[in-house]
Structure formats: structure tokens, C-alpha cells
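Participant: fold the following, please.
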Amino acid sequence: MSETDKWLTDYGEAHSDVGNAGLYWLAVPLLVVGTVGLLWSLPVPEAFFNISPFLNWGSAFLMSAVVYYFIISVSLAIGMLPFMFGVAALASWLSYSQIPLIWASAALTGAAVIGLWLGQHARGGIKAVMQDIQLMMIAPVWLLSVLYRRLGIPY
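Facilitator: Okay, here's the model as predicted:
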């Protein structure tokens, strides 16, 4: 069994008894978007802005996650690219909207945590939610791996 399969199998076994799978599948991306938005809203050194106006803590977090995805599985990383670009586009759009990015991101993160808790209250409640927050960037890959398995796409 590859290291990728071990990670995804372990995560899948830990989440096999999610009470409300639909809510969980919605909460995971919301958590990523909210967290990236919070990081996106942090002040950055002027050197970052001189390189690119889109270089900030949120985009750096996304870039490092993509590098990690390519390390564990090229096909999963390629599958995650549209999601990652979508998260970056949403964070960028929110940063120019009338609602302050930090407040919108905090609301998304809060909604995601509530969704995770409601989806997993049978599995351990807040302890399970804290584990999901720790494994936040594995969860979207695991969701994608479930889709890949159903579609017969190797990873």
C-alpha cells in the first residue's frame, strides 16, 4: 500500500460514520475557503507585494498545499488544481468586495466548524472537529479520492 493510500484509508476509516455526509462534504471546502481567506487577510511584507499583488499568506498556503499534493499523488494534485484556483479566486474576489475579507472568512470558517460538528456529533463531537481542522488539507484530497474511486480514475 502506498503512503497516499495509507493516508486516505486512515482518514476514510476515521470518517466512515459521519452522521450527515452531505453536510460534511459542504463543510470541508468551506473550512478551506474560510481559513485561506483568514490567511489572505493578514498583512504581508512589502516585498511580497512587489513580487505580485496576489502573493500573500493565503496564496502561499495554497501553493504549499499544491506542492504537497504533487508529492503524494500527481493525479490527485491535478484534480485539486481547479479547487485550489477556485479558492484563490474566491478569496481574491472577497478581498475586493464591500464585506471585509476577515469577517467573511471568519463567518465561513464558523459555518464550516458548525457543519463539521453537526456532521460528526456521533463520532466524537468537538474532538472530531478539532481533528478535521488539523487535517484540513487532507480532507479535500480524500473527498476527491472518493470521487476518483467511483469514476475508476487511478491515483
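Participant: count the residues that sit near Ser105.
Facilitator: If you count neighbours by other Cβ atoms under 10 Å, Ser105 ends up with 25. C-beta: built from backbone N, CA, C; applies to glycine.
Participant: which strand or helix spans it?
Facilitator: Secondary structure assigned from DSSP states H and E places Ser105 in helix 101-120.
Participant: for that helix, buried residues please.
Facilitator: Within helix 101-120, the residues that count as buried by 16 or more other Cβ atoms under 10 Å are 101, 104-105, 108-109, 112-113, 115-117, 119-120.
Participant: can you lay out the residues you listed as JSON lines showing pLDDT and distance to Val32?
Facilitator: Listed next are the buried residues of helix 101-120 as JSON lines, based on pLDDT from 0 to 100; distance: Cβ to Cβ, whole Å:
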{"residue": "Leu101", "pLDDT": "92", "distance to Val32": "15"}
{"residue": "Ala104", "pLDDT": "94", "distance to Val32": "14"}
{"residue": "Ser105", "pLDDT": "95", "distance to Val32": "11"}
{"residue": "Leu108", "pLDDT": "94", "distance to Val32": "9"}
{"residue": "Thr109", "pLDDT": "93", "distance to Val32": "10"}
{"residue": "Ala112", "pLDDT": "90", "distance to Val32": "8"}
{"residue": "Val113", "pLDDT": "87", "distance to Val32": "12"}
{"residue": "Gly115", "pLDDT": "83", "distance to Val32": "12"}
{"residue": "Leu116", "pLDDT": "79", "distance to Val32": "12"}
{"residue": "Trp117", "pLDDT": "79", "distance to Val32": "17"}
{"residue": "Gly119", "pLDDT": "71", "distance to Val32": "15"}
{"residue": "Gln120", "pLDDT": "68", "distance to Val32": "17"}
